[in-house]
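A.B. asks: Got a predicted structure here, sequence first:
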Amino acid sequence: MGKSYKEVDSKKLKSGRLRFAALIVVFAAIGGFALYNLLSLYLAYTAAQNEYERLREFAPGISQDSIDSSPDASEPFEHLISINPDYIGWLYIEGTRIDYPIVQSFNNHQYLTTTFEGQNNASGAIFMDSRIENGFNGFSLLHGHNMRDGSMFADLFLFKNDEEFRERHTEILVVPLHGELLRYRVFDIRYTDVNDKVYSLIGSDRASIYEYFSQFGIPEWADIIALSTCAHDYRDGRLLILGVAE
């Protein structure tokens, strides 16, 4: 004798409830994992921001007019070097959150995921390309992440997206290690990719650098700085901000 409709419906209902419960468990697991990732990301952002905020207490006193020339002016450098011997200078751009120490390692991988104080963090650090041998003489290239919380080099996009900002902010300021304040005038803003000619100038002599930048009216003796960060909207995209020393 076959099963009654009630028995069949009861089994279907039970099976449906089990599938529904399984779906709830799956969605809860996915939601929990997503929440964990968001929390981890938030904590990482916060840790990096707190670290760099602490370091700014020891930064050379950069302003639009001068550097701190007090008798203890060398103390910030010594303190920063004691924290990280890779320290080579400080970068500042008025009107942005770009106010960071600069480091240089023997490779271009270390500071992609390591902060100035050596913490493992996706924010990394602002670093000079490891292939640059002459510091801020000739052509120098600095790398930094385009972080989604607006930190590191994310504010470079203000040069690209905000015409009023570009008109009011034309300087990149750098205090090199044991050196005087360097002022760079922004002369080119480039939305490009990793194959841009600028990246091939690393390690070039002054003649080659001048040959390329002469199209911008840059004099032969001038020092050039390039700030590079990722553009997330297409593969291998880059934003380059180029400045000439004044």
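C.D. replies: Received the coordinates, thanks.
A.B. asks: and the gap between Leu141 and Gly135?
C.D. replies: 12 Å (Cβ to Cβ, to the nearest Å). In this view, the C-beta of every residue, glycine as well, is placed from N, C-alpha and C.
A.B. asks: Common neighbours of those two, please.
C.D. replies: Taking Cβ atoms under 8 Å, 6 or more residues apart in numbering as the criterion, Leu141 and Gly135 both touch Met128.
A.B. asks: Can you pick out the residue with more neighbours from these two?
C.D. replies: Leu141 (21 against 15; other Cβ atoms under 10 Å).
A.B. asks: Mean confidence (pLDDT) on the host helix or strand of that one, please.
C.D. replies: Element membership for Leu141 (DSSP states H and E) is strand 139-143. In this model, strand 139-143 carries a mean pLDDT of 97.
A.B. asks: Listing partners with orientation, what would you give for that strand?
C.D. replies: Counting by DSSP bridges, the strands paired with strand 139-143 are strand 126-128 (antiparallel), strand 224-231 (parallel).
A.B. asks: Residues touching it, excluding its own?
C.D. replies: 91, 102, 108, 111, 126-129, 132, 134, 153, 198-199, 201-202, 204, 209, 223-229.
A.B. asks: Quick check: next helix or strand after that strand?
C.D. replies: helix 157-161.
A.B. asks: what packs against that next one?
C.D. replies: Judged by 3 or more Cβ pairs under 8 Å, 6 or more residues apart in numbering; DSSP states H and E, the packing partners of helix 157-161 are helix 163-168, strand 182-193, strand 237-245.
A.B. asks: where exactly do the helices run in this protein?
C.D. replies: Secondary structure of the chain (DSSP state H): helices at 5-55, 75-83, 157-161, 163-168, 206-213.
A.B. asks: can you give me the angle the last one makes with strand 237-245?
C.D. replies: The directions of helix 206-213 and strand 237-245 differ by 110 degrees, with axes from the mean of the first three to the mean of the last three Cα atoms, to 10 degrees as the criterion.
A.B. asks: CA atoms of helix 206-213 as PDB?
C.D. replies: Coordinates of the C-alpha atoms in helix 206-213 are reproduced here as PDB (Å, rounded to 0.1, in the frame of the first residue of the first chain):
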ATOM      1  CA  ARG A 206      71.300  63.200 -16.500                       C
ATOM      2  CA  ALA A 207      71.600  63.400 -20.200                       C
ATOM      3  CA  SER A 208      68.900  60.700 -20.700                       C
ATOM      4  CA  ILE A 209      66.700  62.200 -18.000                       C
ATOM      5  CA  TYR A 210      67.000  65.700 -19.600                       C
ATOM      6  CA  GLU A 211      66.400  64.300 -23.100                       C
ATOM      7  CA  TYR A 212      63.000  62.900 -22.000                       C
ATOM      8  CA  PHE A 213      61.900  65.800 -19.700                       C
END
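A.B. asks: Looks like Lys197 contacts Tyr212 (just checking).
C.D. replies: Yes. Between Lys197 and Tyr212 there is a contact under Cβ atoms under 8 Å: 6.6 Å.
A.B. asks: between those two, which one's more packed in?
C.D. replies: Neighbours were counted for Lys197 and for Tyr212 using other Cβ under 10 Å; Tyr212 has more, 16 against 8.
A.B. asks: what stretches of the chain score poorly on pLDDT?
C.D. replies: When residues are selected by pLDDT under 70, those of the chain lie in 1-42, 62-76.
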